[in-house]
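Peer 1: with the input below, show me the fold.
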Amino acid sequence: MRIDTLTTMIGTVAATCTTLSFVPQLIKMRRQGGGDVSTGMLLLYLLGVSLWLAYGVRIDAVEVIFANIVAGALVFTALFMKLRSDA
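Peer 2: Numbering: from 1, shown residues only. Below is the predicted model:
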């Protein structure tokens, strides 16, 4: 296996793990509400995901771009659920 292929595989698995790690939080928020989730944390996480997306675009890394689009959608959904539960 070439180093480039191994590096791409490691990056893809890492991106998948970190992106999907947010799914259990969404499930918990859907069942129990988002009252105990920090709005500040969600906004900071969304900023970080947005910056990673910009980084991926700048270096033309498809895996980074895709992972952060999905992560951004998940965090945006959590933020929406949080704000809706606060209302």
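Peer 1: give the buried residues for the lowest-mean-pLDDT helix or strand in the chain.
Peer 2: Least confident helix or strand, the chain: helix 3-20 with a mean of 86, by mean pLDDT, DSSP states H and E. For helix 3-20, the neighbour count (16 or more other Cβ atoms under 10 Å) marks Ala15, Thr19 as buried. Heads up, the C-betas are built off the backbone N, CA and C, glycines and all.
Peer 1: check which helices and strands that helix sits against.
Peer 2: helix 62-86 (3 or more Cβ pairs under 8 Å, 6 or more residues apart in numbering; DSSP states H and E).
Peer 1: quick one: the helix it packs on to helix 3-20, angle?
Peer 2: Going by axes from the mean of the first three to the mean of the last three Cα atoms, to 10 degrees, helix 62-86 is angled at 10 degrees with respect to helix 3-20.
Peer 1: which neighbouring elements make contact with helix 62-86?
Peer 2: Using 3+ Cβ pairs under 8 Å, 6+ apart, helix 62-86 sits against helix 3-20, helix 23-32, helix 39-59.
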